[in-house]
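Participant: 3D, please:
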Amino acid sequence: MGSIYKNSRTTIAIILVLVSMLGFGAELYNIQIKNNEYYAAQNSNVKTYTVPLEAARGEIVDRNGNPLVTNRQGNSIVLDAAYFPSAEENDKRNQIVFNLWNLFKQNNEEFAHNLPLKLKGDKIVFFTKKDDEKFETSIATMKNKDMFNLQPYATAQNCFDAMVEKYELEDYLAAYGVPTVLELGNIRYELTRLLFSVSNPVTIADDVSDRTVAQIKENAEMFMGADVRVVPYREYIDSTLAPHILGTVRKINAEEYEKLKGDGYGINDEIGESGIEAAMESRLRGTAGEKTVTIDSDGNISEEITKEPVQGDTVVLTIDKDLQKIAQNQLRKVCRSVDITHSTGAVVVEDVNSGEVLAAASYPTFDLNDYYTHYQELTKERNTPLYNRFAMGTYAPGSTFKPMMSLAALEEGVIDEHTTFSCGQYYEIAGHTFKCTHAHGGENVRTALRDSCNIFFYNCSRRLGIDRMNTYGKMVGLGEKTGVEIPEAKGILAGPEYRKRFGTFWAPGDTVQAAIGQSDNLFTPLQLCNYTAIIANGGTKYQVHFVKSSISRSTGVVKEPDLAPATNISVKSSNIKIVQEGMRLVATDGGPSLALADLKTKVACKTGTSQVVVKGAKHNNGFLITFAPYDNPEISVATAIELAGSGTSTVTMTKAIINYIYNHNTHEKQAQGYSYLLT
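Facilitator: Next up, the predicted model:
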C-alpha cells in the first residue's frame, strides 16, 4: 500500500515537471521564434524618425530660355527636436530661445512673428490686424484647444496671460518685461503652431547672415537644438520684370495644409500664391527628400539622407524678356506723360497665330523683392500697383468695338461694303439725340472705321439689334474669359440679359450706345488683344496663354500645356478682309496716321475713347488695338490708358513695341535647346 502511494506521487511529480517544461518551451518558442520581431522591438529603445528635406522649386524662363525666376542658396535657422530639450524641460527651452532672440536682435535678423499679438507702449497688448480674413483666422487659431485653449471672446490680454502660463515665462516677465516676453512667445508659439517634433523641425528665422550662422555653430551648447539649414530661396533676375505674371510664393497656411497634406505637403512648405507660381504649382513644386534620424537607447543620434530631394520642373513662358521690358518702360512713359499721379494702364502683345502672350504689362507696378516687406504700403497706395490691369481691369472699349460691329453687320447682310449712311453729326432715336464727332457726310464701312463715325454704327445697330450684336461679340471673345493661366475678369457684354440682373430694362438708346463701345460694355485688355488677333489671322480663335511648356527636372521630358483647340469663327473671309482694310485706313489716313507715318512695318489699327468721371470731372480713357504686319499678320497689340484723352495719344507706345520687334528681329530668335535649360 505504501509503495503504491509513493509511486503515484512520483508519477504526478514527473507529470507536473513535464507540463511545466512544455509550458516554458512553448513560451520560449513564442518569444524567440514565432514573435521574435515583436519582442525584439519591445526590448529595444531605438527610435527612428523620418524628416522631410525641402526641394527647390523649378525655374521659370522666357520663350528664349532666358531665366526669369531661379533659386539661390541661403541659410535658415531650424530648431530640431532631436537635439532640443524635451517639452518637460521648459526652463532649458526658454533659455535657448532667449539666447536665440538675443542673437537675432543683435544681428538684426528677422524671425518668426506669427503670434497675432502686439504692444502699445510697453504693457498694453492688442490683436494684430493685417487684413480681415487673416486676422480672424489667426486669432481663432491662437485661441483653439491645441494652442491656448481659450474661449472665442477671450481678450488680447487673456491670450498673452495664457501664453505666459503655457510656456512658463513668468520669470522672464518679471525680469525683462512684456516686450521681451512677447518676442520669446513668438518663437515658442511657432513651435506649437507648426507641430514641432523630431519628424518636424521648425524654421524660426529665414535667410540669416553668415555672422549669425558662425555664432550658432561656435556656441552649440548655448544654442542647443538650433541647426543651420542651407535652403533654396526664390531669386529674380529682374524683380521688376512681369511681377503680375510671375507671381509670388509664401508659406502654406493652416487651411491649405489641411487640404493638401494628403498630396504630400508639409506644414513648413512653400506654395505658389499668385501668378504663374500659383498656376503652375504642381509643376514648379519639387519632390521632397527624406532624412532618417535614429536615436538609440543611450540617446546617441545618427542621421542619414535616405532620399534626395528633386527640384521642380522648369516652366517656359511665352513672353519675351526683352519685349516685356520694352512694353513696361513704354507703358510707364505714356502713363506718366498723361498724368504723373493718376494715370494707369495696361498693354498686351499677342502672337496672332498661336494665342501666345509675348508681353503683358500693368502700370503702376511693383518690385517682387518688396512684395512681402512692403505689402501693407503697396495695398494702401492710391493707384493699386498690385492690381493686374491687363487681366483684371475692365474698360468700356469705345470705338475699338467698331471692327466687331462692322464684321457683324457685313456677315448678317444688313450692309455690304458699298452701303453708305449719311453723317450729319446728330442721330435721333426715341426722343433722344446722339452725336458724332463731326458731320462726316456719306460713309461706307471702310471709311466709317477710318473716321470712327458714330452715325454709321448707330445705323448698323438699328438694323442688327442687340442680340445679333452680342452673338458676334461672344464669337470674338468679348465679355468672355480668354483662358489664361492666371486670374482674369470676365467683363460685360452690354445687353438686356445683363440689365435683368439689376431689375432694369433695355431701351433702344442703349443699343446705339453699345454699338460704339459704351453702355455697359466692359472688356479686359487681354480680350481686346485676342479679339484683334482673330480679325488679324482671318478668323481663328486661340486660347490665350502664358505657358509654352514645362520641362521635367528628372527626366527632361517636355510637356506642352493642355489648351482648348483652335476654332474658326463663322464669318466669311471676304468680310474679315473688308474690316482689315478699314483698320488699315485708320493707320494710313486716320487719327494715328501722322504718328505712324515713319513706321517701316505696315500696320492696321483702331483707336477708341470712352468717358469716365473722376471726382465729378469728365475724362477720357484712351485705347488702341493694332495688328502687324498688315500683309502677313503676326502680332496684335492692345493698349488701355486711363485719362489718356484719346486712343491716338497712346500710339507712341504701340509704335515703339512694333519698332522693337521688327527692327531688332526678336521674332526670329530661336528658343535655346531644352538640354541647355537643365545644365
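Participant: CA only for contacts and neighbour counts going forward, please
Facilitator: Will do.
Participant: by mean pLDDT, which helix or strand of the chain comes out lowest?
Facilitator: Here the helix or strand of the chain ranked lowest by mean pLDDT, DSSP states H and E is helix 674-677, holding a mean of 31.
Participant: hmm, who's touching stretch 283-295?
Facilitator: The contact list for stretch 283-295 (CA atoms under 8 Å, 6 or more residues apart in numbering) reads 46-59, 271, 277, 301-315, 550.
Participant: please repeat the previous calculation with a cut-off of 6 Å.
Facilitator: 46-58, 301-313 (CA atoms under 6 Å, 6 or more residues apart in numbering).
Participant: in strands, which of those residues fall?
Facilitator: With DSSP state E as the criterion, strands contain 47-53, 301-307 from among the contacts of stretch 283-295.
Participant: ranking these by neighbours, who comes first?
Facilitator: Neighbour counts for the ones in strands among the contacts of stretch 283-295 (other CA atoms under 10 Å) peak at P52, which has 23 neighbours.
Participant: the nearest residue to that one once chain neighbours are set aside: neighbour count?
Facilitator: Computed as CA to CA, 6 or more residues apart in numbering, the closest residue to P52 that is not its neighbour in sequence is E290, at 4.6 Å. Per other CA under 10 Å, the neighbour tally for E290 reads 18.
Participant: and if you look at G299?
Facilitator: Neighbour count of G299, defined by other CA under 10 Å: 13.
Participant: that's a strand at it, yeah?
Facilitator: No. Assigned with DSSP: H, G, I helix; E, B strand; the rest coil, G299 falls outside any strand and is coil.
Participant: for V586, what are phi and psi?
Facilitator: Torsion angles at V586 (phi, psi; degrees, to the nearest 10) stand at phi -60, psi -40.
Participant: and L103, how many neighbours?
Facilitator: Neighbours around L103, by other CA under 10 Å: 16.
Participant: the closest residue to it other than its chain neighbours and V78, how far apart?
Facilitator: Spatial nearest neighbour of L103, chain neighbours left out: T212 (7.3 Å); criterion: CA to CA, 6+ apart. According to CA to CA, to the nearest Å, T212 stands 13 Å off from V78.
Participant: neighbour count: these two, which is higher?
Facilitator: Neighbours per residue (other CA under 10 Å) separate T212 from V78, with T212 holding more: 20 against 17.
Participant: that older thread, want to throw the ones in strands among the contacts of stretch 283-295 into a markdown table with distance to K559 and pLDDT?
Facilitator: Listed next are the ones in strands among the contacts of stretch 283-295 as a markdown table, based on distance: CA to CA, whole Å; pLDDT from 0 to 100:
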| residue | distance to K559 | pLDDT |
| --- | --- | --- |
| K47 | 43 | 86 |
| T48 | 39 | 89 |
| Y49 | 36 | 87 |
| T50 | 32 | 87 |
| V51 | 31 | 84 |
| P52 | 28 | 87 |
| L53 | 26 | 87 |
| I301 | 43 | 85 |
| S302 | 41 | 88 |
| E303 | 37 | 86 |
| E304 | 34 | 88 |
| I305 | 30 | 90 |
| T306 | 29 | 91 |
| K307 | 25 | 90 |
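Participant: pLDDT at the nearest residue to P309 once chain neighbours are set aside, what is it?
Facilitator: Closest residue in space to P309, ignoring its immediate chain neighbours: G289 at 3.7 Å, by CA to CA, 6+ apart. Looking at G289, its pLDDT reads 87.
Participant: do you know the pLDDT at the most centrally placed residue in the chain?
Facilitator: With distances taken as CA atoms, centre = their mean, S274 lies nearest the centre of the chain, 1.2 Å away. Predicted confidence (pLDDT) for S274: 96.
Participant: how far away is it from D313?
Facilitator: Using CA to CA, S274 is found at 18 Å from D313.
Participant: just E634 next, same as before
Facilitator: Separation of E634 from D313 (CA to CA) stands at 30 Å.
Participant: likewise for L119?
Facilitator: Distance from L119 to D313, by CA to CA: 44 Å.
Participant: same deal with K92?
Facilitator: When distance is defined by CA to CA, K92 is 43 Å away from D313.
Participant: just want to know which of the two has more residues nearby.
Facilitator: For K92 versus D313, the count of surrounding residues by other CA under 10 Å is larger for D313: 30 against 15.
Participant: for that one, grab phi and psi.
Facilitator: Main-chain torsions, D313, degrees, to the nearest 10: phi -70, psi 150.
Participant: quick one: contacts for it?
Facilitator: Going by CA under 6 Å, 6+ apart, D313 touches 58, 283-284, 551-553.
Participant: which of these fall in helices?
Facilitator: Within the contacts of D313, residues falling in helices by DSSP state H are 283-284.
Participant: quick revisit: the residue nearest to P309 bridge partners, please.
Facilitator: As for beta bridges, G289 partners with L53 under DSSP bridges.
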